[in-house]
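> Structure for this input, please:
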Amino acid sequence: MNAEQPGDRWPPSRVVWVLAVTVAVALGVRLWHLDRDTLTHAEVYVPRLAMPDYVSAPPPRSTLAETVRGTLHHDNHPPGYYAAMWLWTSVAGTSLVALRLPSALAGAAAVALIFGVIRRRDGPATALTAAALLALHGHHVFWSRQARMWVLLAALALISLWLLDSLGRDYRRGKAAAYVAVVAAGLWTEYSFWPFFLAQISWEVFRRGEERSLPGTVVLQLLALAAAAPVLFFLRAHLISDRTAYMAGGGIVDHVSGFVLFQWLVRTPPAGEVYGPAASIAVLMVLATGGLFLFAGLAPPVANDVSAPVGAPSPPRSLRLAAVGSAVLFSAWLIASGERGVAAAVALVSPVLVLIGLVPAARAWPRIALGLRALRANPVVRRIGEDAPVIHTVVPLFVLVVLSHFEPSVAPRTLLFLTPFALWLVARGLARLLPRAVPRASVTALLLLACGVSAYQYTRPGYERWDYQALAEAMEPMLAKDDVILIPDVWYAQPMHYYFPPDLHRTGDFGEHFAAGPGDRIWVVILDGGDEKAWEERSGTLGHYAMRLRVGGDHGYAMLLEPATDE
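From the prediction side, this is the model:
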């Protein structure tokens with residue numbers, strides 16, 4: 001049964017044109033001046049960036065092996081995104097546009113994907129509303145313009161749902177292999193995708209309760225799990241190193257409330273500034289409206305296609321061997337490269353255990369299906385279990401919040417990949433509460449206006465505390481060929497090396513790698529009060545030097561020192 005309501009029956013040509021304009025706008029705001037803003041500290045972790053050998057956060061990663069092992073020892077994310085960017089930068093280079101282009105394209109693609117996912121269940125009007133909201137959603141736009149994994153993860157989540165839903169209607173081997181690959185890519189990209197995958201397994205199992213044998217789509221999900229099993233080795237290493245403590249700064253309640261109230265549509269004002277009374281009222285009204293429609297979207301639509309066609313065959317042996325074999329070979333490489341211990345051994349054998357476990361899972365399926373049919377008798381459980389946007393939003397959010405009580409797991413960027421699903425609920429709630437065309441169109445226009453303001457707010461310059469690019473541009477005209485540039489060896493200063501790569505400039509730090517010699521012109525980069533203190537401790541050895549020039553501002557400056565001359 002299709003979810004289209006009478007008011008949703010748009011002419012196909014109009015739907016195509018509106019969608020095309022929406023995707024074009026989404027792409028435009030994400031590509032506009034993509035290289036204008038400074039490189040950020042988080043983006044420095046993209047491999048192949050030229051870094052001095054002494055830099056440790058992150059260390060230079062020019063090979064794929066260095067990239068993967070560097071992720072294990074110097075990061076708190078799985079290696080999937082970095083491995084993909086290693087391949088991408090080998091072709092596209094490391095300019096700012098090249099680094100950020102995959103995120104920008106994925107962000108625009110997510111707009112088209114959310115339409116495709118929603119269209120069949122809730123009709124074109126709801127699908128276009130959600131797509132338009134995502135196209136101009138400021139928080140999503142911001143991360144679409146950063147070389148990070150969050151927007152790519154959202155695209156993978158949407159593709160996985162689209163493929164899974166499509167497999168039930170039209171099973172093909174290529175589509176089955178694509179589903180396993182996409183889900184495995186998500187699991188290799190970020191740990192927050194694992195609760196999402198749990199929700200997707202639950203959704204598929206729940207709606208397949210009428211089948212007499214283990215559904216082929218569930219087997220595909222288990223194969224994806226086998227292919228991603230080595231990620232658990234990375235998770236253990238990152239938990240032991242306690243690299244997620246920074247995520248606890250904002251507080252779980254603040255993060256979750258910011259997500260529910262329109263997924264951080266509004267950016268908080270800079271420190272020392274506040275919104276005026278009128279702007280504050282407008283912000284509160286927009287956030288409350290978004291929260292209202294989201295909760296209204298949790299209720300079932302007038303008609304929703306929740307049936308799951310039966311008959312997806314079991315995956316071929318070649319796909320099983322490819323999924324399990326790739327994971328085993330990767331774990332074997334990790335062990336051969338020096339990683340030892342129980343966790344490495346578990347990573348090696350767990351894919352095989354998943355494959356072996358398919359046999360008892362198939363035998364237990366009739367009893368599992370019987371229990372599922374009993375659960376479906378409960379209207380609340382059935383409501384959550386059968387509805388795609390509800391289970392794919394509520395379950396991951398709940399799991400991550402619970403996990404945060406033991407290990408910090410929730411932050412705006414980690415929940416960004418759920419934003420398309422939350423906007424699905426917002427668009428559905430809008431259609432439910434305002435079924436008549438004119439009121440719905442009016443409120444939608446106001447929400448889109450708010451999203452447009454949000455996109456502008458998130459794309460204005462000055463988001464980063466340190467503008468490395470502006471400081472480098474100020475120094476560049478006055479640099480001489482043999483000048484020495486001293487950059488403090490601290491995490492927040494590493495983006496400066498992107499603008500002064502070691503193959504073009506002589507660089508060093510304030511301590512062990514002090515690169516200056518007698519008679520050199522020295523540039524000293526200061527980004528923080530701690531840098532000033534560190535330089536004061538070092539500058540005593542340069543008593544014969546005098547400062548000739550200072551460039552930059554309050555949040556970062558550089559001093560040019562030259563040997564003092566006797567007059």
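> helix, strand or coil for Gly552?
strand (DSSP: H, G, I helix; E, B strand; the rest coil).
> Now do the contacts for Ala106.
Applying C-beta atoms under 8 Å, 6 or more residues apart in numbering, we find Ala106 in contact with Ser144, Val151, Leu152, Ala154, Ala155. All C-beta spots, glycine's among them, are computed from the backbone N, C-alpha and C.
> top of those residues by neighbour count?
Ser144 (32 neighbours; other C-beta atoms under 10 Å).
> Could you verify my assumption that that one touches Ala109?
No. The criterion here is C-beta atoms under 8 Å, and Ser144 misses it with Ala109 at 10.0 Å.
> just to revisit the earlier point, which of the contacts of Ala106 sits closest to Arg436?
The closest of the contacts of Ala106 to Arg436 turns out to be Ala154 (C-beta to C-beta; 31.7 Å).
> How about the contacts made by that closest one?
Ala154 neighbours (C-beta under 8 Å, 6+ apart): Ala106, Gly107, Ala110, His140, Leu416, Phe417, Leu418, Thr419, Pro420.
> just Trp88 next, same as before
Neighbouring residues of Trp88 by C-beta under 8 Å, 6+ apart: Ala98, Pro102.
> SS state for it?
Three-state secondary structure (criterion: three-state DSSP) places Trp88 in helix.
> mind checking how far it is from Arg100?
11 Å (C-beta to C-beta, to the nearest Å).
> For the contacts of Ala106, give me TSV that also has secondary structure and distance to His77.
Below are these laid out as TSV (DSSP: H, G, I helix; E, B strand; the rest coil; distance: C-beta to C-beta, whole Å):
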residue	secondary structure	distance to His77
Ser144	helix	18
Val151	helix	14
Leu152	helix	12
Ala154	helix	15
Ala155	helix	17
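> any chance of these in TSV, plus pLDDT and distance to Gly250?
What follows is the contacts of Ala106, written out as TSV (pLDDT from 0 to 100; distance: C-beta to C-beta, whole Å):
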residue	pLDDT	distance to Gly250
Ser144	97	21
Val151	97	20
Leu152	97	23
Ala154	97	20
Ala155	98	25
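> I'd like those written out as a markdown table, with distance to Phe514 added.
Below are the contacts of Ala106 laid out as a markdown table (distance: C-beta to C-beta, whole Å):
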| residue | distance to Phe514 |
| --- | --- |
| Ser144 | 40 |
| Val151 | 40 |
| Leu152 | 40 |
| Ala154 | 45 |
| Ala155 | 45 |
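> Gly325: which of those residues is nearest?
Checking those against Gly325 with C-beta to C-beta, the nearest one is Leu152 at 25.4 Å.
> how about the strands in the stretch 51-200 of the chain?
Along the stretch 51-200 of the chain, counting by DSSP state E, counting those that start in this stretch, no stretch forms strands.
> in it, which ranges drop under the pLDDT threshold?
The model of the stretch 51-200 of the chain has no residue with pLDDT under 70.
> How are the strands of the stretch 351-500 of the chain distributed by residue range?
Here the stretch 351-500 of the chain has its strands, by DSSP E, counting those that start in this stretch, at 484-486.
> circling back: which one of the contacts of Ala106 is nearest Val380?
So of the contacts of Ala106, ranked by how close each gets to Val380 (C-beta to C-beta), first place is Ala154, at 27.7 Å.
> Which residue is the nearest non-sequential neighbour of the closest one?
Phe417 (4.0 Å; C-beta to C-beta, 6 or more residues apart in numbering).
> Tell me who's in contact with Gly107.
Contacts of Gly107 (C-beta under 8 Å, 6+ apart): Ala26, Arg30, His140, Val141, Trp143, Ser144, Val151, Ala154, Ala155.
> Tell me which two of those residues sit farthest apart.
Across those, the longest distance by C-beta to C-beta is 14.3 Å; it joins Val141 and Ala155.
> Report the residue ranges of every domain in the chain.
Using automatic domain parsing, the domains assigned to the chain come out as 62-459, 468-563.
> Can I get these in JSON lines including distance to Asp53?
Formatted as JSON lines, these follow (distance: least, C-beta to C-beta, whole Å):
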{"stretch": "domain 62-459", "distance to Asp53": "11"}
{"stretch": "domain 468-563", "distance to Asp53": "8"}
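> deepest of the ones you listed, which one?
The highest mean neighbour count among the domains of the chain, using mean count of other C-beta atoms under 10 Å, belongs to domain 62-459: a mean of 19.
> and the end-to-end length of that one?
For domain 62-459, the separation between the terminal residues is 31 Å (C-alpha to C-alpha, to the nearest Å).
> cool, stretch 166-173 as well?
12 Å.
> for this protein, which spans come out with low pLDDT?
Ranges of the chain meeting pLDDT under 70: 1-9, 245-249, 271, 300-312, 566-567.
> Please report how far the most centrally placed residue in the chain lies from Asp35.
By C-alpha atoms, centre = their mean, the mean C-alpha position of the chain lies nearest to Trp150, the distance being 0.7 Å. For Trp150, the distance to Asp35 equals 20 Å [C-beta to C-beta].
> Leu158 now?
Separation of Leu158 from Asp35 (C-beta to C-beta) stands at 27 Å.
> Isn't the residue nearest to Ala154 up against Pro195?
No. The criterion here is C-beta under 8 Å, and Phe417 misses it with Pro195 at 10.7 Å.
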